[in-house]
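Enquirer: No letters, just coordinates:
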């Protein structure tokens, strides 16, 4: 997809929704996206799943290690520990020979310490003017993202318009309650947390409880997340009465990696 400068009249954009669909919008709506900031403190927040636009022509100017001017723009990405982050980026076909870099810094990086802070991710455009890069967040917070038109190692680039879309997949920890025996009908409270142990409250998360009966897994109940706990009402087949079965819980949602609890051995009453 060839991109144009966002200031062009009548511009139409492709906006990627969280479900992966694409919709068209007008230049008036595009103006709401804005551009990258001139500093980390002024960097706009990236919306996952939404195509963002900028132009390093309008960026701040600094010098690289060879004293050459570098044009750059800053963005911010809010993450939770364990998030898998993928960034799809491209520049217009007319300037695909131009070098362009993307650098992601860890949470806690500021305008005062970023020159001395090691990056989490550094990537550059491929020969076709596109690039896909990914990483896993190791801590929660706000990560600065720098789009730059020159290499740090003194190879100059040309400022230019660009676009990118960030896709975030959250990680989950899911756990069964402690239970030694189950009646044929009842309710289980399934807990869900971030890898750091933080709360998870998302009604889009679906939770299943399953038992393994004679080597085959059967879903006995489903529920949704509510304030880090899913109350799952279950019904066990009568054929499993008085047997010992394996029990597990599974969670899945549109913005989450599938998660499975540890298995437990329980007796069916």
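Expert: It's in. No experiment lies behind these values; they were computed from the predicted model shown.
Enquirer: Nearest residue to the middle of the chain?
Expert: residue 168 (1.1 Å; Cα atoms, centre = their mean).
Enquirer: Quick check: beta-bridge partners of that one?
Expert: residue 85 (DSSP bridges).
Enquirer: Pretty sure it sits against residue 46.
Expert: No: in terms of Cβ atoms under 8 Å, residue 168 does not count as a neighbour of residue 46; the distance is 9.2 Å. To be clear about C-beta, it is placed using only N, CA and C from the backbone, and glycine gets the same treatment.
Enquirer: contacting residues for the residue nearest to the centre of the chain?
Expert: Applying Cβ atoms under 8 Å, 6 or more residues apart in numbering, we find residue 168 in contact with 48, 49, 79, 83, 84, 85, 255.
Enquirer: Excluding chain neighbours, what is closest to the first one?
Expert: By that I understand residue 48. Nearest non-adjacent residue to residue 48, counting by Cβ to Cβ, 6 or more residues apart in numbering: residue 168, 4.3 Å away.
Enquirer: From residue 104, how far out is that neighbour?
Expert: 13 Å (Cβ to Cβ, to the nearest Å).
Enquirer: now do residue 237
Expert: 50 Å.
Enquirer: Give me the more crowded residue out of those two.
Expert: residue 104 (22 against 12; other Cβ atoms under 10 Å).
Enquirer: my guess is that one meets residue 143, correct?
Expert: Yes: here residue 104 reaches residue 143: they are 5.8 Å apart, a contact under Cβ under 8 Å.
Enquirer: can you list residues touching both of these two?
Expert: With Cβ under 8 Å, 6+ apart as the test, residue 104 and residue 143 both reach 77, 120.
Enquirer: Surely residue 42 touches residue 76?
Expert: No: Residue 42 is beyond contact range of residue 76, at 9.7 Å (criterion: Cβ under 8 Å).
Enquirer: who's more crowded, those two?
Expert: Ranked by neighbour count (other Cβ under 10 Å), residue 42 and residue 76 place residue 76 first, with 20 against 13.
Enquirer: Am I right that the more buried one sits in a strand?
Expert: Yes: using DSSP: H, G, I helix; E, B strand; the rest coil, the assignment for residue 76 is a strand.
Enquirer: Bridging across strands, which residues link to it?
Expert: Beta-bridge partners for residue 76, by DSSP bridges, are residue 45, residue 144.
Enquirer: which residues does the closest residue to residue 195 other than its chain neighbours contact?
Expert: The shortest distance from residue 195 to any non-neighbouring residue, by Cβ to Cβ, 6+ apart, is to residue 82 (3.7 Å). Counting by Cβ under 8 Å, 6+ apart, residue 82 touches 136, 137, 170, 171, 194, 195, 196.
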